[in-house]
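Asker: Task: produce atomic coordinates for the following.
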Amino acid sequence: MTGPARAPHRARTQPGPRHQRPEGGFAPLVPELDVTSLPASIAFWCGPLGFTVAYDRPAAGFAYLQQDGAQVMLCERNGNWDTGPLERPFGRGANFQIAAASIAPILAALAAAGWPLFRPVQERWYRTGNVLGGSRELLVQVPDGYLLRFAESLGARPAP
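Answerer: Residues are numbered from 1 along each chain as shown. This is a model prediction of the structure:
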């Protein structure tokens, strides 16, 4: 199965290096997400979400993005990774948690862009052994439907 014809790659939304390794090196696990439009995806990820392009391969429709240690690869659909039919919203059944020092700037940028949240911001507490770790979370779907969960730490407290 092949994907749709690749649109020509346009200029970046963020200036800066485009042919460098990610800051701090490559993470041990980096998801590669198929997208229908690399320029539109880069505009969203590097706009309201605040990522930057570490490097890209425009002729291949590929970009490697980073933000404070979080890394993701975007690849314009080409059929190489299709294991079955790919229909929107992409990534059904998965969400990608991204640690954020603060979710406030992301919330403000999404609001300024008129982009809806998947659900309202929530405070969540998760048990890890005898400790509860808190996070303030926002969920947002990117243009192709992948679900991202940005989590700002609220610290820890003893579990009851």
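Asker: All the strands of this structure, residue numbers only.
Answerer: Remark: strands assigned in the chain by DSSP state E are 32-35, 52-57, 62-67, 70-76, 95-100, 119-128, 131-141, 147-158.
Asker: W115 against L138, yeah?
Answerer: No. Between W115 and L138 there is no contact under C-beta atoms under 8 Å: 11.1 Å. Glycine gets a C-beta too; all of them are placed from N, C-alpha and C.
Asker: who has more neighbours, the two?
Answerer: The neighbour comparison of W115 against L138 (other C-beta atoms under 10 Å) goes to L138, with 21 against 16.
Asker: who's the more buried one bridged to?
Answerer: Beta bridges link L138 to F150 when assigned by DSSP bridges.
Asker: where does this structure have low pLDDT?
Answerer: Confidence mapping of the chain against pLDDT under 70 gives the ranges 1-18.
Asker: repeat that for 50
Answerer: Counting by pLDDT under 50, the ranges of the chain that qualify are 1-17.
Asker: show me the residues around F96 that make contact.
Answerer: 31, 72, 146-149 (C-beta atoms under 8 Å, 6 or more residues apart in numbering).
Asker: mind running it again at 7 Å?
Answerer: Applying C-beta atoms under 7 Å, 6 or more residues apart in numbering to F96 gives the contacts 31, 146, 148-149.
Asker: Fine by me, we can end here.
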